[in-house]
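> sequence first, predicted coordinates after that:
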Amino acid sequence: MAAYLHYVATAVPEARYDQAEALDIMLGWVGGERRTDRLLRQVYTRSGIDRRYSVVGDFKNGSPSGFYFDGERYLTPSTGTRNERYTRESPVLLTRVARRALRGCPGLSAADVTHVITVSCTGFFAPGPDYLVVRSLGLPVSTRRYHLGFMGCCAALPALRMARDICLADSNSVVLIACLELCSLHLNPTREPDNVVATAVFADGASAAVVSAREPLAKAFRLEAFETAVAPESEQDMTWTIGDAGFEMTLSSYVPVVIEGNLRASVAPLLDRSALPVKDIDLWAVHPGGRAVLDKVEASLELEPDNLAASRSVLRDYGNMSSATLLFIVRRLLEKDPGQGQRALALAFGPGLTVESGVLTVV
């Protein structure tokens, strides 16, 4: 028996910010010093990002909502204010992407869903996102629900692993996964270099997937195997904590270096168990923590420049949407109509520094 990733859907908020526009905003917010202005311009223009999306439209159409900007002053919302905005905004995007996934999935519908797994690290409320999906989609109240919270950018892979395990344990199971991240609600710009990098890459978005043991009716991925590893002595290089002015991201400039130095050892157990040398991997779904992260993955694994084309294109078009991003890349791979039997390696990086990986086969 096997478990399959049948379909992936994606969604983003309405407010779109081109990266040049975001740079101008940050120059007004924390700029004014020659050193900071140079750093901002360097980071934003070299980010590999063209545009990002946000649920906050304060800087669009000359009608600020007073969340970050009231027309005259830049504001610093409290954590409570940010979380209230998350609670208000998340239902729209979450239910939209979940419905898209079920409506687009051949042969499966809401009536078939037995389990819901939601993923988010950018807000909290209860009853939570898992409950919201069940109620909004009219699923039975007996639907089994799970929420993976505060795991950061790598969390989509543990969600896929959990869905696979559920389906292998009970072949009648149909699992709906929904990832939602509203990273832009936690902006608190400073002139610190690590903070400048973080504000340059993160964005809002949602993705959803349908997993079951039923034979797919269209091109899909068979979920083969997964692995978790933690890079030694890297715990402080990527952290996500709750402060008085939002959730505080630490994204050290050493993260790409840590990934480069530990990646081969981190994925070796999975590749050995799957009898899959790096040279035999046909498709790559690598979470784009930033352009430097993708560059280091490419160098560490000695990949060809076009191997990470899907990851780079998602980074360019959407930025880093934390846990939601990986499924955007998987969807992009499926849209290219890969050949049956081709094998993919999925990689994502989260606090710890944790490396999550998975092998998928096109069916």
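Yep, that arrived.

> so who does Thr114 touch?
Contact analysis of Thr114 by C-beta atoms under 8 Å, 6 or more residues apart in numbering lists Thr143, Arg144, Asp170, Asn172, Ser173, Val174, Val175. In short, each C-beta sits where N, CA and C put it, glycine included.

> again, only using 10 Å
139-140, 142-144, 166-167, 170, 172-176, 212 (C-beta atoms under 10 Å, 6 or more residues apart in numbering).

> please apply the same query to Ser300.
Pro256, Ile259, Glu260, Gly261, Asn262, Leu263, Arg264, Ser266, Val267 are the contacts of Ser300 under C-beta under 10 Å, 6+ apart.

> again, only this time at 6 Å
Contacts for Ser300 were tallied using C-beta atoms under 6 Å, 6 or more residues apart in numbering; they are Glu260, Leu263.

> any low-confidence regions in the chain?
For the chain, applying pLDDT under 70 flags the ranges 62-63, 251-254.

> in it, where's the longest helix?
When the chain is parsed with DSSP state H, its longest helix is helix 79-104.

> just checking, what packs against the next helix-or-strand element following that helix?
Following helix 79-104 in sequence order, the next helix or strand is strand 115-120 (DSSP states H and E). Applying 3 or more C-beta pairs under 6 Å, 6 or more residues apart in numbering; DSSP states H and E, we find strand 115-120 packed against helix 129-136, strand 144-149, helix 156-169, strand 174-182.

> and strand 115-120, which strands flank it?
strand 144-149 (parallel), strand 174-182 (parallel) (DSSP bridges).

> next, the angle helix 79-104 makes with that strand.
Here strand 115-120 runs at an angle of 140 degrees relative to helix 79-104 (axes from the mean of the first three to the mean of the last three C-alpha atoms, to 10 degrees).

> now do strand 115-120: everything it contacts.
Here strand 115-120 has contacts from 129-130, 133-134, 143-148, 155, 159, 162, 166, 173, 175-180, 323, using C-beta under 6 Å, 6+ apart.

> what about the helices in this structure?
With DSSP H as the criterion, the chain has helices spanning 19-30, 34-45, 79-104, 129-136, 156-169, 193-201, 255-273, 291-300, 309-318, 325-335.

> buried subset of the contacts of Thr114?
Leu139, Thr143, Ile166, Cys167, Ser173, Val174, Val175, Leu176, Ser212 (16 or more other C-beta atoms under 10 Å).

> so which pair among those residues is furthest apart in space?
The span of the buried ones among the contacts of Thr114, defined through C-beta to C-beta, is set by Leu139 and Cys167 at 17.0 Å.

> so the closest residue in space to Gly28 that isn't next to it in sequence versus Leu187, what's the distance?
Counting by C-beta to C-beta, 6 or more residues apart in numbering, Gly28 lies nearest to Tyr74, which is 7.6 Å off, once chain neighbours are set aside. Distance, Tyr74 to Leu187, using C-beta to C-beta, to the nearest Å: 10 Å.

> more neighbours: which of the two?
Leu187 (24 against 14; other C-beta atoms under 10 Å).

> tally up the residues packed near the spatially closest residue to that one that is not a sequence neighbour, please.
Nearest residue to Leu187 in three dimensions, chain neighbours excluded: Thr199, at 6.0 Å (C-beta to C-beta, 6+ apart). Neighbour count of Thr199, defined by other C-beta under 10 Å: 24.
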